[in-house]
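Quick check, what structure comes out for this input:
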Amino acid sequence: SNSFALIESDTASTGTLINSGTLTVTRSAKSPTGNIALSALQQTLAGYDMTAYGEDIKVTTFAIRTGLSADQENLNNGKLLLDGTQIGITQDLDSDATAENTACPATYDASAAGTNSETCFTNFGESVIIKAGETRKLSVVADFLDGDGNALATGSTLTITLMAGGDAAAVNATRQSSLGTFATNSMAANQLTLTSGTISLSKNLAFADGNASNATGVVGGTSMKIGSFTIGASSAEGASVTSMTVYDEMDGGDTLSDLFQNMKLVTAAGKQIGTTKGTLTDTVNTTYTFSATPALELAASEQLVVNI
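Next up is the predicted model:
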């Protein structure tokens, strides 16, 4: 028979060291940046990628710092989404601008600027377990309204930070095999700027003014272009255009009816907007409305050229 001797390991030279599992939090490539429309509801403020290494990791609490450029009201209806599904409760995000790193309350719902700079989300049960080698996506969502449901100040800047640990840098993660605990790392999202989503209207400079030496039409011509304009959506959000109005601002002299008939609006792509105005009115300050059916949809920062 064979016999074996048990020898105590010399951990300094012959022992085996097993690395503990870790969790790395990084800012997602799809985390929003730039301008965000004021008063927009349930907008994503920040996106994070959480990747576990070595073993499964369970997270019990997340602490969110909401930094505005000045102390203002809290952001309304804040929530966390894990891979698109809500975790924890819906609560206002404390938007105090001062980075105090004080312990955040378990719940926070206030209509005035907060005294703490963090909001805690907890009580996830078993829903936040990141498997070893797996990446899960965490999103911070809220209304761009204060805790009373009112609009925030235009031009304010906003940065969401996922704080280290779950509560004043306390441990918030548990290794599921080795059972050790640790604090997850801190990570700031991109800065956002709150802007009003207004639509711009300007003269299309590509269509030059007409004069005696630069005629833009001929007498008796049909489908002649007499004006061109550019409509633009803001960089913060898209827009739906449902109608446009042409205003005959002639103050003395000829009105539109003295020179034209069969007026219509057509996009640069050739799509007509509304119906053709066959007979025009010989009255100063007459308005002609063209209804877009269906509405003209503009994406954020998109421009539309409309010709008369």
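
looking at the sheet around the residue nearest to Val171 when sequence neighbours are not counted, what are its partners?
Distance criterion C-beta to C-beta, 6 or more residues apart in numbering; nearest residue to Val171, sequence neighbours excluded, is Thr181 at 4.3 Å. Where C-beta positions appear, they are placed from N, C-alpha and C, glycine not excepted. Applying DSSP bridges to Thr181 yields these beta-bridge partners: Thr174.

I am assuming Thr181 contacts Ala173, so please confirm or correct that.
Yes: using C-beta atoms under 8 Å, Thr181 is in contact with Ala173, at 6.5 Å.

between these two, which one's more packed in?
Neighbour count, other C-beta atoms under 10 Å: between Thr181 and Ala173, Ala173 has more, with 24 against 12.

What are the buried residues along stretch 63-79?
Using 16 or more other C-beta atoms under 10 Å as the burial criterion, the residues of stretch 63-79 that qualify are 63-68, 72-79.

which residues touch Lys264?
272-277, 290, 308 (C-beta atoms under 8 Å, 6 or more residues apart in numbering).

from those residues, which is closest to Asp92?
Ile273 (42.8 Å; C-beta to C-beta).

give the contact list for that closest one.
244, 264-267, 290-292, 296, 306.

Could you do Ile57 as well?
21-23, 129-130, 173-176.

can you do 6 Å?
Taking C-beta atoms under 6 Å, 6 or more residues apart in numbering, we find Ile57 in contact with 21, 23, 130, 173.

Identify the bridge partners of Ala151.
Leu145.

Show the model's pLDDT score for it.
In this model, Ala151 is scored at 76, pLDDT.

go on, Phe207?
At Phe207, pLDDT is 85.

Once you drop chain neighbours, what's closest to it?
Ser228 (3.8 Å).

so the one you found sits right up against Ile308, yeah?
No: using C-beta atoms under 6 Å as the test, Ser228 is too far from Ile308 to be in contact (7.2 Å).

Any chance you could list residues touching both of those two?
With C-beta under 6 Å, 6+ apart, Ser228 and Ile308 have no common neighbours.

Which ones among the contacts of Ile273 map onto strands?
The members of the contacts of Ile273 that map onto strands under DSSP state E are 244, 264-267, 290-292, 296, 306.

Filter those residues down to just the buried residues.
Here the buried ones among those, as counted with 16+ other C-beta under 10 Å, turn out to be 244, 264-266, 290, 292, 296, 306.

Next, the contact list for Ser20, please.
Neighbours of Ser20 in contact, by C-beta under 6 Å, 6+ apart: 175, 178, 180.

Please report how far the closest residue to the last one other than its chain neighbours lies from Asp94.
I take that to be Gly180. In space, and not counting its chain neighbours, Gly180 is closest to Ser20: 5.5 Å by C-beta to C-beta, 6+ apart. Ser20 is 33 Å from Asp94, where distance means C-beta to C-beta, to the nearest Å.

What about the residue nearest to Phe207, how many residues nearby?
Look at Ser228: counted by other C-beta under 10 Å, it has 18 neighbours.

same deal with the one 10 residues further on?
Counted with other C-beta under 10 Å, the burial measure for Gly238 works out to 14 neighbours.

now Leu23
By other C-beta under 10 Å, neighbour count at Leu23 equals 23.
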